[in-house]
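J.: Generate coordinates for the sequence data below:
(2 chains)
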Amino acid sequence: MKETDKKYEIPKGGSLGLLALGDIGLLKWREKRKEVKDKIENIRNNKRKAKDNEQKDS
Amino acid sequence: MSKRIAKKVLLIGWDAADWKVIYPLIKEGKMPTLAKFISEGVHGKIKTLDPPLSPMLWTSMATGYRADKHGIMGFIEPLADNSGIRPVTSTSRKVKAIWNILHSKGMKSNVVSWWPSNPAEPINGVMVSNLYQQANKPLKGDGWDMPKGTVFPEELSNKLKEFRVHPNELTANHLLPFLPNLKKQDLKKDKMIAGVANTLANAASVHAVSTYLQRETDWDFMAIYHDAIDHFCHTAMKFHPPHRKGMPKELYENYKQVVTAGYLFHDMMLERTLNLVDDDTTVIIVSDHGFHSDHLRPKYLLKEPGAPAQEHSPFGIFCMKGPGVKKGEIIHGASILDITPTLLNLYGLPIGKNMEGKALVQSYTDNITPDYIEDWEKVEGDFGMHSNDLKDDPWASQEAMQQLIELGYIDAPDENISKRIESAKNESQYYLSRNLIDANKYKQAIDVLEPLVENNLKEIRYGQRLAYCYLSTNRLRKCRELIDRLKDLQTEIEKEEAEMSEEELNKRKKGFIREAELPNYLSFIEGLLLMKLNRWKKALKLFEEVSKKVPNNIDVHLNAGKSCLHRHLWEQAQDAFIVCLSIDDSNSIAHHGLGISLLRRGMLEQALDEFLLSLAINYAYPSAHYHIGETLVKLEKFLDAEQAFKAAISLAPGMTKAHSWLADLYNNELSMPEKAEQHEEFLKNNIMGEIIIVSGLPRSGTSMMMQILEAGGLNILTDKKREADSNNPKGYYEFEKVKKLMIDKSWLPEAKGKVVKIIAQLLPFLPDNFTYKIVFMQREMTEVLKSQQIMLGKDKEVKSKTFPTGLNNAFTKQLDRVSTWIESQSNIDIININYSDMIKSPESEIDSLASFLDKDFDVQKIKSVIDRKLYRNREDSFNN
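T.: Residues are numbered from 1 along each chain as shown, chains lettered A, B, ... in the order given. Reported below is the predicted structural model:
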């Protein structure tokens, strides 16, 4: 087996290069997608919370 | 036991991959992985089978058998309970696949997405079936269901499920390389976008699960099947550059990159796949057929099931690299039937003697002689196959079910389902017959086709194949009758369509633009029939007509070329063979034909090149060796010519003309008369010469034909004992001894090189140590009988117009018997000449005759002996 140490950029929208890497590329991309999704969700949640707090304060 | 060459083998299937697309991409540096691969191994074209339908082909690839043995017949099969149809399944395969044989030897296999492989077989290893990647449902939550039986062992299902890519997951990042104008396109309206996404997602799924299994499991053999190239091509080959006339520019711009991007993606996947194998793994990449990508792309598809297969080309790709495999070489002559024998041979296992392919031993650096076993099917033991209660012949089950319906035990399915099952059954029989024809098993094909044609009188396709089988088994009369019936049917359909409204017509043609290929194919078979009947001019005319409408059919051009050669139209023959080579430059027959055209035109060096190219593709081609000999004699290279003729004889020991040339060379050029002796002896014992015979029923125009041939300068054998009279004012041209042919054949050497008249009924008494060219006169039976009656002085009967039915039947039967006998003789060449045609339009008949006898006739001189006044007893004189 000739696994290389090549480093890959993992864009959120994926890439053909990642699909061509097979299972590892696919899972890494899904991880990244989830990570970004979670991040966005967190930001949204935080914003929502901040807004709720503001409303409560007022 | 044969030496084991490979430690491990990885077999990668790329459905429809074609060198015609790959070579330019490699040249542009766009497929670097495959380029490196072929430089490190062997590669070449691989011949497909007919019909070129993927489930049948990939099963042949994995078993070494054609479809009549392996049992997978097309895309669909009936459900066991007769309630409908389903995609073909692995349980319908009747024979062992390579992974079953390896299982029995304790080897581990991973098989991914092979077609058909659902339900997955219980092999030593992992099997992921062809239903694995199919996303039939929208993506919800974390995934979508996987059909039962997709993965073996089942406990791996949950793990492997996660490697499936749903098309809805794909983003513009994935699709833009395929669809550069994606952002401007309407995703809802344009269904082709979803098609591209589906195909890409399927490929990514198969690749992801394969790479996982490559990394995480131990295996001795791994087979991965990708259908994506085929699907990209069916979707978008019509848009592939160069732009085709009539293709809307906008569509062209939107989809012109799909095919190229598909191939590039496969090269990227291949890089990863190869990175995951050791250097001691043998890797094979193969496709089941090619895909027309150039001027050969069909403009229209016929309206018939499996029609997209018309876009397939007959040659796919084969590449192999690994320990013991040659590097950077091209191999010729591979067939998809060779894959299983080659795999068995790589593992040092015996090849089934009943397998129809061969091990591609020309790929190895060492000389390897394969081992053989009688029949793998007779070997008992654990082969990792489905248990017998799961295995099923769906067609037999369907028939059993039908019988129960007819007996009233169960209700018939509703009409639509019945129709679909019936149609699926007919198509499977049709595919079976094509598979048999492809294997030259014409008699078996006839057994399949005759009932099919009888029950589906309006399906011209079925009739055409049957006509071809009749032709190939020399049942020429049956062939003629069927062609005539099909032509009438075609005329009827055309009439019917002419009366249809535009709406009705469009409905009939829905989904396809109808090409007139059906009548063209019929004309092609008729052309072949005419060739068999030595009607070269008429045959050529038909081939020319067909080639205008179907310009890319190599068989049409090959036969046009052959017809031209027979008619000595050397330049025209040359053109026809050049067209053949523009369609397939590896056609050995076309190179050979082109060589003959050039040889006859005196272009000796060029002719020699073509013959040598023909042999490079197919060394076992005796005629090509023979023509090399003939060319070398003309170039005065006598020693080389001797070798060529000897090679021809080693392949075809009975080739008399090669013996004749060798005798001549040894006597006259090489001063070795002692060597000439054996060839002279051969000629003496085997060929006593050629006799031209004019035959037919008495009063069918045989005497007129004798006069014609005499006027044409041929030597006539007649003793003139029977003198001219009012019935034959120009003489009978008979030879008394002919009448005793049944008991005395000793006079035949006298006829050598001459023309002799022998009535039809005596022909079967001809000995087989001569070759015969028979000019057979045909005349309407009523005319023959009337003429005979008058000659016998039975004018009363003629006047009373009483038709002699008994005589008519007897003569017809006798002619049938003679015709059957002639068709079975290899030393007889025959041309049928119609008496009334010769009287009415002599030019065309004289031309056919000249070409048959290989003579240059003085047409005017011959016309002068045809006396129209003698055409006295026309057919309207009897009451039938």
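J.: List the buried residues of stretch B:248-258.
T.: Within stretch B:248-258, the residues scored as buried using 16 or more other Cβ atoms under 10 Å in any protein chain shown are B:252, B:254, B:255, B:256, B:257, B:258. Heads up, the C-betas are built off the backbone N, CA and C, glycines and all.
J.: My error: substitute stretch B:459-475 in the last question.
T.: So stretch B:459-475, judged by 16+ other Cβ under 10 Å, has buried residues B:459-472, B:474-475.
J.: and the two most separated of those residues?
T.: Largest separation among the buried residues of stretch B:459-475 by Cβ to Cβ: B:459 and B:474, giving 24.6 Å.
J.: ok and the residue in the stretch 201-350 of chain B nearest chain A?
T.: At 2.8 Å from chain A, residue B:211 is the closest residue in the stretch 201-350 of chain B, using Cβ to the nearest Cβ.
J.: where does the helix or strand hosting that residue sit relative to the chain's centre, distance-wise?
T.: Assigning secondary structure by DSSP states H and E places residue B:211 in helix B:191-216. Distance, stretch centre to chain centre, for helix B:191-216: 34 Å (Cα atoms, centre = their mean, to the nearest Å).
J.: how far away is residue B:782 from chain A?
T.: Separation of residue B:782 from chain A (Cβ to the nearest Cβ, to the nearest Å) stands at 77 Å.
J.: What's the separation between that residue and residue B:286?
T.: From residue B:782 across to residue B:286, the span is 62 Å (Cβ to Cβ, to the nearest Å).
J.: Restricted to helices, list the buried residues of stretch B:459-475.
T.: Of the buried residues of stretch B:459-475, the ones assigned to helices by DSSP state H are B:460-472.
J.: now those residues in CSV, with distance to chain A?
T.: Converted to CSV, these look like this (distance: Cβ to the nearest Cβ, whole Å):
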residue, distance to chain A
B:460, 46
B:461, 41
B:462, 44
B:463, 48
B:464, 45
B:465, 43
B:466, 48
B:467, 50
B:468, 46
B:469, 48
B:470, 52
B:471, 50
B:472, 48
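J.: As TSV, those with distance to residue B:431 and pLDDT would be great.
T.: Shown next, in TSV, are those (distance: Cβ to Cβ, whole Å; pLDDT from 0 to 100):
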residue	distance to residue B:431	pLDDT
B:460	17	87
B:461	11	87
B:462	11	92
B:463	16	93
B:464	15	92
B:465	11	93
B:466	15	96
B:467	18	96
B:468	15	95
B:469	15	96
B:470	20	94
B:471	20	92
B:472	18	90
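J.: give the contact list for residue B:420.
T.: Residue B:420 makes contacts with B:84, B:85, as judged by Cβ atoms under 8 Å, 6 or more residues apart in numbering or on different chains.
J.: list the helices and strands the strand or helix carrying residue B:35 packs on?
T.: Secondary structure assigned from DSSP H and E places residue B:35 in helix B:32-39. Other elements packing on helix B:32-39 under the criterion 3 or more Cβ pairs under 8 Å, 6 or more residues apart in numbering or on different chains; DSSP states H and E are helix B:19-27, helix B:258-275, strand B:281-286, strand B:315-321.
J.: ok so, going back, of residue B:782 and residue B:286, who's got more company?
T.: Each of residue B:782 and residue B:286 has its neighbours counted (other Cβ atoms under 10 Å in any protein chain shown); residue B:286 has more, 24 against 18.
J.: Excluding chain neighbours, what is closest to the more buried one?
T.: residue B:318 (5.3 Å; Cβ to Cβ, 6 or more residues apart in numbering or on different chains).
J.: And for the one you found, the neighbour number?
T.: 26.
J.: Over to the one 10 residues further on?
T.: Burial measure for residue B:328: 11 neighbouring residues, criterion other Cβ under 10 Å.
J.: Check the one 4 residues further on too.
T.: Taking other Cβ under 10 Å as the criterion, the count of residues near residue B:332 is 13.
J.: contacting residues around it?
T.: Residue B:332 is in contact with B:44, B:45, B:586, B:616, B:617, B:618, counting by Cβ under 8 Å, 6+ apart.
J.: For residue B:332, see how far away the last one is.
T.: Distance, residue B:618 to residue B:332, by Cβ to Cβ: 8 Å.
J.: Quick one: the strands in the stretch 751-880 of chain B, in order.
T.: Secondary structure of the stretch 751-880 of chain B (DSSP state E, counting those that start in this stretch): strands located at B:755-757, B:771-778, B:828-834.
J.: Check those for me and report the most buried one.
T.: Comparing the strands of the stretch 751-880 of chain B by mean neighbour count (mean count of other Cβ atoms under 10 Å in any protein chain shown), strand B:755-757 comes out on top with a mean of 23.
J.: which secondary element of chain A has the worst mean pLDDT?
T.: Every helix and strand of chain A was ranked by mean pLDDT, DSSP states H and E. The lowest is helix A:23-57, at a mean of 92.
J.: what packs against that helix?
T.: Secondary-structure packing of helix A:23-57 (3+ Cβ pairs under 8 Å, 6+ apart): helix A:16-20, helix B:191-216.
J.: next one: the helix or strand that comes right after the last one to chain centre, how far?
T.: What it means is helix B:191-216. For helix B:191-216, the succeeding helix or strand toward the C-terminus, using DSSP H and E, is strand B:221-226. Distance of strand B:221-226 from the chain centroid (Cα atoms, centre = their mean) equals 29 Å.
J.: Can you check what angle separates the following helix or strand past strand B:221-226 from helix B:19-27?
T.: Using DSSP H and E, the helix or strand that follows strand B:221-226 in sequence is helix B:228-236. Relative orientation of helix B:228-236 versus helix B:19-27 (axes from the mean of the first three to the mean of the last three Cα atoms, to 10 degrees): 100 degrees.
J.: what mean pLDDT would you report for helix B:228-236?
T.: On average, the pLDDT along helix B:228-236 is 94.
J.: Please work out the angle formed by the directions of that helix and helix B:258-275.
T.: Orientation check (the same axes, to 10 degrees): helix B:228-236 against helix B:258-275 gives 170 degrees.
J.: And helix B:228-236, how far out from the chain middle?
T.: Counting by Cα atoms, centre = their mean, helix B:228-236 comes out at 24 Å from the chain centroid.
J.: what residues does it touch?
T.: Helix B:228-236 is contacted by residues B:14-17, B:54, B:178, B:192, B:195-196, B:198-200, B:202-203, B:255-256, B:258-259, B:261-263, B:265-266, B:287, B:291, B:293, B:308, B:311 when judged by Cβ under 8 Å, 6+ apart.
J.: Please list which of those residues are also close to chain A.
T.: With Cβ under 8 Å from any Cβ of the partner chain as the criterion, these include B:200, B:265 near chain A.
J.: Surely residue B:486 is in a strand?
T.: No. According to DSSP: H, G, I helix; E, B strand; the rest coil, residue B:486 belongs to no strand; its state is helix.
J.: residues in contact with the closest residue to it other than its chain neighbours?
T.: Excluding the flanking residues, the one nearest residue B:486 by Cβ to Cβ, 6+ apart is residue B:463, at 4.7 Å. Residues near residue B:463 by Cβ under 8 Å, 6+ apart: B:453, B:482, B:485, B:486, B:489.
J.: tally of neighbours for the residue in chain A that chain B sits nearest to?
T.: Using Cβ to the nearest Cβ, the single residue of chain A nearest to chain B is residue A:22, 2.8 Å away. Burial of residue A:22 is recorded as 26 neighbouring residues (other Cβ under 10 Å).
J.: I'd guessed it sits against residue B:213; true?
T.: No. Residue A:22 is beyond contact range of residue B:213, at 10.0 Å (criterion: Cβ atoms under 8 Å).
J.: Report the closest residue of the stretch 701-850 of chain B relative to chain A.
T.: Closest point on the stretch 701-850 of chain B to chain A, by Cβ to the nearest Cβ, is residue B:826, at 58.4 Å.
J.: And stretch B:64-73, how far out from the chain middle?
T.: Distance of stretch B:64-73 from the chain centroid (Cα atoms, centre = their mean) equals 17 Å.
J.: Give me the residues contacting it.
T.: Residues outside stretch B:64-73 that contact it (Cβ under 8 Å, 6+ apart) are B:49, B:55-56, B:59-60, B:63, B:88, B:92-95, B:98, B:116, B:337, B:339-341, B:344, B:351-352, B:354-357, B:393, B:395, B:428, B:431-432, B:435-436, B:438-439, B:441, B:444.
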